[in-house]
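> the following block contains a protein sequence and its predicted model.
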Amino acid sequence: MKFHWRRSAAASLIVAALIWLISPTMSAQSQEQRGDVCEKRKGLVILVEFPDITPQINEDFVRDRFKKLDFYVREMSYGKVCTELDFTGWHRLPDPIKRYAISPANLKVDKTHVTKLIKDAIDAADKKNNFSRYSFVVLFLGASVREYGMIGLCGYPGMLGWAEDTVFKTKSGQVVPGGVAIFTYPAHLGTLFHDIAHIWGGVRDGKRMVPCLYDHEIQANHPDTWTGFAKALINMGYWDPLSCHCYKYNLPPPGLSSWTKLRLGWMAQEKIRVVDLKQASEIVLGPLEDGSSETLVIRIPLTDSNFYLIENRQPLGAFDPHLPGKGVLIMYADDNVKECMYGKAPVKLMDADPSVPYLQGAAFDLPRKSEFIDKKNNIEIRIIEKIGNSYKIRISKIR
């Protein structure tokens, strides 16, 4: 597929790419200068190689990937959260890659292979590492996607289930904390975040707080880019890396949706405006990427477990320039749904333009896509005007 860009669009991408390249350094410097304190997510990255494969990367490559992850986390959490990672160096496992390889389809993965990979890797790293110092573990494989079968996954809470009592122990008896994410070396930054976020979200009442937002059943038939993975993006499209990983592989991932930020606890309560439908409300909604905005998300409660979220996505910062569009996103959330299967999901975008595939036209905007009506719940959401990068939005009962 060929893409043709106007000069202004190309210039925007070049600027964003430059920000992307220097962002880890900028982030570290700015944090140090301001003296900011962040909540550290401390992890251990175990570099894994196999006897029949020579890794095509070195440790510096891996460290650089995770510096970018730290910058992404800082920006998405408005500076609240950061990562601190230790790296083990390479550990060679006892068996060839075929003994660990898996299907690219989530629902067809041989879980015994995942268990064996985790067990062999933590045993290899057992002697020289104190696992109690970390809240999560990453296995970074010196293997390609085609050699292993999948670009990335979360072992648990994820592929091996999400029971709260899941425990892995090393051969010396060390308990592996939090969870384990697994990546092949081509894994995109969006993939790194996607599967580690499953761990950070944790499990509550038997469900993952941050699940995959693509449809698992569709993914079983279209498990990767080559087989049409985009067909599985029926819930959040390319607007959140928990759905798509990335919009384009050669670009940084998009920013997080407000739903994912809320599930991770990264959205300050004072930035959320809760609407009472007993009276009409007019609210100025700032860009989700701009933490200085007075209001970042609007919440419209329907029942104890069902609600709408409204957010404003603009091409700002290092990540939201890499979206399929811009404007106001309206999401319907159902906390009773655990995972994205059978066409159901805990959060779904309301699509402003269904004629555009994969929810790429989902954003509402002036002048032609300025109104959303839910007749069942007697709700009208209307964009009144755009003020800079913000929108004035009216929420009322249908007149």
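Thanks, I have it. Numbers count the residues shown, from 1 in each chain.
> list the buried ones in stretch 367-387?
Neighbour counts over stretch 367-387 (16 or more other C-beta atoms under 10 Å) mark 369-370, 372, 374, 379-381, 383, 386 as buried. The way it works is simple: take the backbone N, C-alpha and C, and place the C-beta from them, glycine included.
> gap between the two ends of that stretch?
14 Å (C-alpha to C-alpha, to the nearest Å).
> any chance you could list what contacts that stretch?
Residues outside stretch 367-387 that contact it (C-beta atoms under 8 Å, 6 or more residues apart in numbering) are 277, 282, 284, 300, 302, 308, 310, 327-328, 330, 350, 352-353, 363-366, 391-399.
> ok so, going back, farthest pair within the buried residues of stretch 367-387?
374 and 386 (22.7 Å; C-beta to C-beta).
> residues contacting residue 153?
Neighbour list for residue 153: 102, 106, 109, 114, 159, 181-182, 195 [criterion: C-beta under 8 Å, 6+ apart].
> same thing but 6 Å
By C-beta atoms under 6 Å, 6 or more residues apart in numbering, the residues touching residue 153 are 159, 182, 195.
> quick one: which of those residues sit in helices?
Using DSSP state H, residue 195 are the members of the contacts of residue 153 that sit in helices.
> got TSV for the contacts of residue 153, with neighbour count, pLDDT and distance to residue 322 too?
Listed next are those as TSV, based on neighbours: other C-beta atoms under 10 Å; pLDDT from 0 to 100; distance: C-beta to C-beta, whole Å:
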residue	neighbour count	pLDDT	distance to residue 322
159	22	94	27
182	28	98	25
195	26	98	19
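> can I get the contacts of residue 153 in CSV with distance to residue 129?
As requested, the contacts of residue 153 are arranged in CSV below (distance: C-beta to C-beta, whole Å):
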residue, distance to residue 129
159, 23
182, 17
195, 21
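> residue 295 contacts residue 272, correct?
No. The criterion here is C-beta atoms under 6 Å, and residue 295 misses it with residue 272 at 7.7 Å.
> what's next to stretch 273-280, contact-wise?
Residues contacting stretch 273-280 (C-beta under 6 Å, 6+ apart): 281, 283, 295, 298-300, 395-396.
> report the distance from that stretch to the chain centre.
Using C-alpha atoms, centre = their mean, to the nearest Å, the distance from the centre of stretch 273-280 to the centre of the chain it belongs to is 30 Å.
> any stretches of the stretch 1-150 of the chain with poor pLDDT?
1-36 (pLDDT under 70).
> re earlier: any idea which of the contacts of residue 153 is closest to residue 69?
residue 195 (11.1 Å).
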